[in-house]
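S.K.: Just to be clear, the model below is a prediction. Sequence and coordinates:
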Amino acid sequence: DAGVIQSPRHEVTEMGQEVTLRCKPISGHNSLFWYRQTMMRGLELLIYFNNNVPIDDSGMPEDRFSAKMPNASFSTLKIQPSEPRDSAVYFCASSPRRVGGKYEQYFGPGTRLTVT
Amino acid sequence: GDSVTQMEGPVTLSEEAFLTINCTYTATGYPSLFWYVQYPGEGLQLLLKATKADDKGSNKGFEATYRKETTSFHLEKGSVQVSDSAVYFCALNQAGTALIFGKGTTLSVSS
């Protein structure tokens, strides 16, 4: 089975440019999560979706960040304009949704973003 | 709100040593508990889980027992290998919410 797929794996861009990160969750999973990982702040939840609907975006750092999930098999995280402090590894994760369940998440390999 | 606290690392061990990484949690209700592992340059992988009190999760020689009375979920392994060197994350979730992670503990095993 294919796991969570993220692209690109590495992205280097200049400050001010738009960056789009992509994620394909595991087929059949109903929840999708975007995380950011840095040395200083550790692993932070940015936003998550259930059945393509954003449920909690309180972790999105500011209006420069936006996320969409147009269908069950695709999500994007966009940063516009990007800044050097956005440099981090961005992970996407998905999980199955079981009624009343407390489910594990499956992580993609991450996108390492460097903003110069 | 709910939270997870892990022992701070790094933890440095020799091969075949015994490993304990402490994890305690604060939560209302009855969360599920997880240990994830992150190898260098990779994403997080689920290592083991427990969904109710006194459950023991186990995988690849690692074990952790859900202790409700002490709100703990300590990770143990009887004999570590160099290949176990990684960052370990304790996490919890309640039904219908996202995972809450600890800050991670770096384990370094030398031969």
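M.R.: Done, it's in. Model, not experiment: these values are computed from the prediction. Numbers count the residues shown, from 1 in each chain, chains lettered A, B, ... in the order given.
S.K.: which strands and helices sit next to the lowest-mean-pLDDT helix or strand in chain B?
M.R.: Lowest by mean pLDDT, DSSP states H and E among the helices and strands of chain B is strand B:100-101, with a mean of 90. Applying 3 or more C-beta pairs under 8 Å, 6 or more residues apart in numbering or on different chains; DSSP states H and E, we find strand B:100-101 packed against strand B:3-6, strand B:86-93. Where C-beta positions appear, they are placed from N, C-alpha and C, glycine not excepted.
S.K.: Mean neighbour count, these: which tops it?
M.R.: With neighbours taken as mean count of other C-beta atoms under 10 Å in any protein chain shown, the helices and strands packed on strand B:100-101 reach their highest mean count in strand B:86-93, at a mean of 24.
S.K.: Would you mind listing what in chain A touches chain B?
M.R.: Contacts of chain A with chain B, taken as C-beta under 8 Å from any C-beta of the partner chain, map to A:4, A:33, A:42-43, A:45, A:48, A:50, A:56, A:91, A:93, A:100-110.
S.K.: Which of these fall in strands?
M.R.: Among the residues of chain A next to chain B, the members found in strands (DSSP state E) are A:33, A:42, A:43, A:45, A:48, A:50, A:56, A:91, A:93, A:106, A:107.
S.K.: Show me just the buried residues among the residues of chain A next to chain B.
M.R.: Neighbour-count burial (16 or more other C-beta atoms under 10 Å in any protein chain shown) applied to these gives A:4, A:33, A:43, A:45, A:48, A:50, A:91, A:93, A:102-110.
S.K.: Can you report how many residues lie near residue B:44?
M.R.: Residue B:44 is flanked by 28 other residues according to other C-beta atoms under 10 Å in any protein chain shown.
S.K.: Low-confidence bits of the chain, can you list those?
M.R.: I went with chain A, as the question did not name one. A:1, A:98-102 (pLDDT under 70).
S.K.: oops, chain B please
M.R.: If you take pLDDT under 70 as the line, chain B has these spans: B:96.
S.K.: quick one, what contacts residue 25?
M.R.: Since you didn't name a chain, this refers to chain A. By C-beta atoms under 8 Å, 6 or more residues apart in numbering or on different chains, the residues touching residue A:25 are A:4, A:32, A:72, A:73, A:75, A:92, A:94.
S.K.: not quite, I wanted chain B
M.R.: Per C-beta under 8 Å, 6+ apart, neighbours of residue B:25: B:2, B:3, B:4, B:5, B:31, B:33, B:71, B:72, B:73, B:90, B:92.
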